[in-house]
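Asker: Here is a sequence with its predicted model. Questions after.
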Amino acid sequence: MAQLSSTRMERTVVEVNNSWLYSSGPVSHGLYASGYGTIIGRNIQVYSGGKRSSSFSGDSPIGHVYVYDSIAHAAGVGSAIFYALGDIYGENVLGLSEMGPVVFSDGGNTINLVDCDCTAGLLGGVAMFSDAERQSGATLSFTNTKFITTGTEMPGLWFGNVIADVTLSNSQLVTNSGILVVANYSAITQSFDYYAGYSDNSNLLPAEVTVSVTESDLTGDLVAYNGSYISWSLGEYSSWKGAAYSGYGKAVFDVSLDATSQWTLKRNTYVRNFTDSLSGLGNIESQGHTLY
């Protein structure tokens, strides 16, 4: 394990290449960066067996993690493939998190994944939240990337107490739950095994998420809770089979399509704003449902 720490801002850089790593935990990560440091891993194979032992971790204060051409397996509760308190970049990473999401992100972090294929077994494919005050500036980008979530209630992407921008390009979210995106007034406790509600933390705000989809075919629903907001746009020959609805309380949705994209409704859907570049709305298949 490589650990970076600093009392200054000199941004130490460490490279780890062609290595096999094993950690038994608890709280024992594979690659680990903090203190404004950067760690770069290439051709890494890592197994993290313990609780809260993520494969590739950027911790506080801001740690930057870059991983290429690697394989990761995290088995313990709360052990993600990527844990972000800083910038995360992953390229050609094959990952399995048995009891956690693929990505944990706490705060206004930047996560960019390219050519990755990863599976999550708890919470969601991505769990992006803010543990304290709601933060803005969080970004998530998938390019030619596939995420699978195995649980019957797990969304592909989950957001709580954060303002985030998401880009999905030529990517897949395959969910057993049939839910693509969740936005909520919520966070994640230190147990890392459930979503916290008001009784756990009353100092929260609704999530606000903007998702731009290009060159992707997606199936599943958008679900917002407790005043949260999801903006969903389809472009560049994308298709979506799904609907948008409130899980609890007020929910706000904006949906837009360009002329090359298609939406097939799975249930009645209420949106605040709807925009379609195709004036005749011929790229919407209602299947007997109504868009309000």
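Answerer: Great, that's in hand.

Asker: Show me the shaky parts of this protein.
Answerer: For the chain, residues meeting the criterion pLDDT under 70 lie at 1-10.

Asker: centroid residue for it?
Answerer: residue 126 (2.7 Å; CA atoms, centre = their mean).

Asker: How is the nearest residue to residue 251 once chain neighbours are set aside assigned, secondary-structure-wise?
Answerer: Distances taken as CB to CB, 6 or more residues apart in numbering place residue 224 nearest to residue 251, at 3.6 Å, with adjacent residues excluded. For glycine as for every other residue, the C-beta is placed from the backbone atoms N, C-alpha and C. Assigned with DSSP: H, G, I helix; E, B strand; the rest coil, residue 224 falls in the strand class.

Asker: Please apply the same query to the one 5 residues further on.
Answerer: Assigned with three-state DSSP, residue 229 falls in the strand class.

Asker: Give me the distance between it and residue 183.
Answerer: Going from residue 229 to residue 183 by CB to CB, to the nearest Å gives 7 Å.

Asker: so the residue nearest to residue 251 makes contact with residue 182?
Answerer: Yes: if you go by CB atoms under 8 Å, residue 224 and residue 182 touch, sitting 7.5 Å apart.

Asker: can you list residues touching both of these two?
Answerer: residue 247 (CB atoms under 8 Å, 6 or more residues apart in numbering).

Asker: ok so, going back, distance-wise, check the residue nearest to residue 251 relative to residue 71.
Answerer: Distance, residue 224 to residue 71, using CB to CB: 35 Å.

Asker: Who has more neighbours out of those two?
Answerer: For residue 224 versus residue 71, neighbours defined as other CB atoms under 10 Å are more numerous around residue 224 (28 against 16).

Asker: show me the contacts for the more buried one.
Answerer: So residue 224 contacts 182-184, 206-207, 230, 244, 246-247, 251-253 (CB under 8 Å, 6+ apart).

Asker: May I have the phi/psi pair for residue 120?
Answerer: Here is the backbone geometry of residue 120 (degrees, to the nearest 10): phi -120, psi 140.

Asker: tell me the contacts of it?
Answerer: Contacts of residue 120 by CB under 8 Å, 6+ apart are 97, 100-102, 147-150, 154.

Asker: what do you get for residue 235?
Answerer: Contacts of residue 235 by CB under 8 Å, 6+ apart are 212-214, 257-258, 260-261.

Asker: 7 Å - rerun?
Answerer: 213-214, 258, 261 (CB atoms under 7 Å, 6 or more residues apart in numbering).

Asker: what do you get for residue 183?
Answerer: Counting by CB under 7 Å, 6+ apart, residue 183 has contacts 159, 207, 209, 224, 228-230.

Asker: so how many other residues sit close to residue 151?
Answerer: Neighbours of residue 151 (other CB under 10 Å): 14.

Asker: Please report how far it lies from residue 123.
Answerer: With CB to CB as the criterion, residue 151 and residue 123 are 8 Å apart.

Asker: Equivalent analysis for residue 39, please.
Answerer: Relative to residue 123, and taking CB to CB, residue 39 is found at 25 Å.

Asker: before we move on, what about residue 187?
Answerer: In this view, residue 187 and residue 123 are 12 Å apart by CB to CB.

Asker: If you count surrounding residues, which of those two has more?
Answerer: residue 123 (26 against 23).

Asker: So that one sits against residue 101, correct?
Answerer: Yes: judged on CB atoms under 7 Å, residue 123 makes contact with residue 101 at a distance of 4.8 Å.
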